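Visitor: Requesting a structural model of the entry that follows:
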Amino acid sequence: MLIERKRVGVIIRSFAAKPELVEGQVKAVVDAVQRVLAVEIAGKKAITRVDVVVPMDQRFGDCDCGQTADALRSELHIALAPYGIKVVVSEISHGDIFCTALNYAIGLQMEDRISYSIILSTQVRSYFNAPTLEKMFEAAEKGARVVGVALEELTDSIRDGLIANTFAMWHLPSLASVGLFDFRAAKPLKNGNWRTAQLVGWVKEKETIVESGENRYHLAGVEEIIPLIRLGFLFGPCIAPVLPQGEGVKQWIAPDPTVDPGGFRRHTNKMGTKLARQAGMAAMENADLSYISGKVLSEYR
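Guide: Modelled structure (predicted):
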């Protein structure tokens with residue numbers, strides 16, 4: 001079993017744009033971390049370390065109001081005392097939520113001898129269980145350098161190899177060898193941008209309407225696409241999508257539009273433009289999405 005030979009970590013990104021949203025974010029993270037730390041496989045804890053990263057750079061969108069990290073440290077200290085597993089909360093003062101936050105957390109985990117990092121959204125924490133992890137670890141043992149769980153709203157695209165960092169596991173030495181998450185997928189600055197105008201245009205999904213009008217989101221995020229292409233080029237077929245496993249209700253919990261209308265719009269816009277943004281990111285590497293699908297391990301097609 002993989003965890004008998006390798007150390008596996010989990011990375012969670014969290015922010016509250018307004019002080020009144022901090023409590024909800026903290027509850028979601030605490031619940032997610034408790035679920036993560038409770039999972040055992042063959043009598044052994046599956047996860048060695050958890051990093052929670054909070055984006056703080058006010059130059060970017062999707063950043064914290066300044067209160068979440070301290071609240072997390074306080075609540076996690078109380079909630080996680082029985083587990084005895086390392087949980088670190090880091091404030092990302094320079095950089096964006098998509099690339100900088102992940103790359104920084106990966107650096108922390110590699111420094112702690114972690115070989116595989118699982119990137120997990122609190123919105124899909126109900127999917128995190130021992131049977132699903134066993135399938136992920138099995139895929140890694142069969143040669144996968146990235147493994148993604150085919151979640152409810154993205155089942156078809158993930159099964160085609162378009163792994164989503166909503167719930168994905170990366171082999172860190174392999175990911176490092178292709179440059180980690182490329183800054184071309186970074187969240188744009190609020191005022192001006194260090195990238196070209198071409199890379200910060202809006203991506204719109206046809207005929208998808210929300211209360212504020214047509215879905216739109218920057219050509220950013222989908223940070224998985226560039227390393228997926230590069231991993232496929234370097235290593236050949238090495239991508240494994242796996243289906244969720246185990247009993248119980250598995251649910252993608254989107255922001256409540258009455259409590260967090262901004263978060264709900266962000267979620268809707270991101271989901272509505274995801275495929276278009278993935279195609280745009282692939283084009284930056286002179287590839288298309290079918291190239292990624294061709295790099296799925298044969299057993300997982």
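Visitor: need the strands for this protein, in chain order.
Guide: Ranges of strands within the chain are 8-13, 40-41, 44-45, 49-55, 86-92, 116-120, 146-149, 167-171, 202-210, 213-218, 239-242, based on DSSP state E.
Visitor: Residue 179 contacts residue 231, doesn't it?
Guide: No: here residue 179 does not reach residue 231: they are 10.4 Å apart, not a contact under Cβ atoms under 8 Å. Where you see a C-beta, it was placed from the backbone N, CA and C, and this is true even at glycine.
Visitor: out of the two, which sits in the more crowded spot?
Guide: Using other Cβ atoms under 10 Å, the more surrounded residue of residue 179 and residue 231 is residue 231, with 25 against 12.
Visitor: Let me see the contact set for the more buried one.
Guide: By Cβ atoms under 8 Å, 6 or more residues apart in numbering, the residues touching residue 231 are 145, 146, 174, 175, 178, 238, 239, 295.
Visitor: any idea how far it lies from residue 287?
Guide: 12 Å (Cβ to Cβ, to the nearest Å).
Visitor: same question, residue 2
Guide: 30 Å.
Visitor: do residue 236 as well
Guide: 15 Å.
Visitor: just to revisit the earlier point, out of the strands of the chain, which one sits most buried?
Guide: strand 146-149 (a mean of 28; mean count of other Cβ atoms under 10 Å).
Visitor: Now do that strand: which elements does it pack against?
Guide: helix 130-141, strand 167-171, helix 225-235, strand 239-242 (3 or more Cβ pairs under 8 Å, 6 or more residues apart in numbering; DSSP states H and E).
Visitor: Where does the prediction get shaky in this structure?
Guide: 81-82, 191-214 (pLDDT under 70).
Visitor: Centre-most residue in it?
Guide: residue 165 (2.9 Å; Cα atoms, centre = their mean).
Visitor: how much space between that residue and residue 228?
Guide: 11 Å.
Visitor: And residue 68, by the same measure?
Guide: 30 Å.
Visitor: before we move on, the earlier item: any chance of the helices and strands packed on strand 146-149 in a markdown table with distance to residue 91 as columns?
Guide: Below are the helices and strands packed on strand 146-149 laid out as a markdown table (distance: least, Cβ to Cβ, whole Å):
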| stretch | distance to residue 91 |
| --- | --- |
| helix 130-141 | 28 |
| strand 167-171 | 23 |
| helix 225-235 | 25 |
| strand 239-242 | 32 |
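Visitor: who wins for proximity to residue 26 among those?
Guide: Of all those, strand 167-171 sits nearest to residue 26, with 20.6 Å by Cβ to Cβ.
Visitor: Next, report how far that closest one is displaced from the centre of its chain.
Guide: 8 Å (Cα atoms, centre = their mean, to the nearest Å).
Visitor: again with stretch 171-191
Guide: Averaging C-alpha positions (Cα atoms, centre = their mean) puts stretch 171-191 12 Å from its chain's average.
Visitor: hang on, residue 134 packs against residue 40?
Guide: No: Residue 134 is beyond contact range of residue 40, at 11.0 Å (criterion: Cβ under 8 Å).
Visitor: Quick check: the gap between the spatially closest residue to residue 109 that is not a sequence neighbour and residue 87.
Guide: Leaving aside its sequence neighbours, residue 109 sits nearest to residue 9 (Cβ to Cβ, 6 or more residues apart in numbering; 4.3 Å). Residue 9 is 10 Å from residue 87, where distance means Cβ to Cβ.
Visitor: Spit out the residues that contact those two alike.
Guide: The contact lists of residue 9 and residue 87 share 49, 50, 51, where a contact means Cβ under 8 Å, 6+ apart.
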